[in-house]
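> Sequence plus the predicted model coming up.
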Amino acid sequence: ENISYNGSTEEIRIESNISWEASFDVDWIEISPKSGVSGVTTMTIDVNKNTSVASRSAVIRIVNSEYEIEEEILVSQSEWVPELKVNVEKIENISYNGSSEEVRIESNVPWEASVDVDWISISPKSGVSGVTTMTINVNKNTSVESRSSVIRIVNSEYEVEEEILVTQSEWVPELKVNVE
């Protein structure tokens with residue numbers, strides 16, 4: 001059975017007319033009971049969370065040595081996958097007056113955020129596993145040209161990265177004359 005990297009508890013029904021013993025050789029699985037007698041037994045298999053970036057597998061052997069009978073249960077568990085997600089990829093057409101925007105970051109790894117312009121500020125600039133709301137403040141644009149930049153949210157250890165493109169409209173000079 002393929003188990004999620006988060007781990008789980010599974011139940012296996014064992015029917016036999018002889019006694020049996022279960023064995024395995026990994027430390028990330030626990031079973032109960034580890035032996036049984038004639039009849040029907042429900043075995044609980046607890047699979048711990050996999051914190052490795054490699055999948056893993058193990059064999060649980062159900063054996064009666066007197067009659068040399070053996071059954072095997074293959075337990076496979078997927079690898080842990082580093083995740084870093086943002087709820088938006090672009091914040092576009094921000095008014096030249098500036099604004100404050102919120103972005104939701106979901107991750108199972110620590111992260112750091114950066115931006116290489118002085119007209120955008122972000123808070124917080126780092127986070128840990130879980131859900132974080134980052135505030136992006138965009139200053140007033142006093143130029144007659146629109147501008148854009150990228151906010152990078154990165155975990156360099158696992159090489160996961162998200163980017164948010166921020167674009168702001170240009171300041172438009174106005175002249176109005178009212179004749180009465």
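Yes, it's here. No experiment lies behind these values; they were computed from the predicted model shown.
> quick one: Asn97 and Val172, what's the gap?
To Val172, Asn97 is 11 Å away according to CB to CB, to the nearest Å. Where you see a C-beta, it was placed from the backbone N, CA and C, and this is true even at glycine.
> now swap in Pro82 and tell me
According to CB to CB, Pro82 stands 44 Å off from Val172.
> Those two: who's more crowded?
Shown here are Pro82 and Val172; by other CB atoms under 10 Å, Pro82 has more neighbours (15 against 7).
> Now do the contacts for the more buried one.
Contacts for Pro82 (CB atoms under 8 Å, 6 or more residues apart in numbering) come out as 53, 108-109, 155, 158, 160.
> and of those residues, the nearest to Ser129?
Closest approach between these and Ser129, by CB to CB: Asn108, at 5.0 Å.
> Tell me how far that closest one lies from Pro173.
Distance, Asn108 to Pro173, using CB to CB: 49 Å.
> quick one, which of these two is more surrounded?
The neighbour comparison of Asn108 against Pro173 (other CB under 10 Å) goes to Asn108, with 17 against 6.
> The more buried one contacts Val53, correct?
No: at 11.8 Å, Asn108 does not count as touching Val53 under the criterion of CB atoms under 8 Å.
> Overlap in contacts, these two.
By the contact definition CB under 8 Å, 6+ apart, Asn108 and Val53 are jointly contacted by 80, 82.
> quick one on the thing from earlier: let's see which of the contacts of Pro82 end up in strands.
Members of the contacts of Pro82 lying in strands (criterion: DSSP state E): 155, 160.
> Report the central residue of the protein.
Glu83 (3.4 Å; CA atoms, centre = their mean).
> and the gap between it and Gln77?
Going from Glu83 to Gln77 by CB to CB gives 17 Å.
> Can you list the low-confidence ranges for this protein?
When residues are selected by pLDDT under 70, those of the chain lie in 1.
> swap the cut-off to 90 and go again
Along the chain, segments meeting pLDDT under 90 span 1-2, 174, 178, 180.
> right, and Pro110 touches Ser126 too?
Yes: using CB under 8 Å, Pro110 is in contact with Ser126, at 7.0 Å.
> just the helices in the protein please.
Using DSSP state H, no helices are found in the chain.
> Ser99: what's it in contact with?
137-138.
> ok so, going back, can you tell me how far the residue nearest to the centre of the chain sits from Val53?
Using CB to CB, one gets 12 Å for the distance from Glu83 to Val53.
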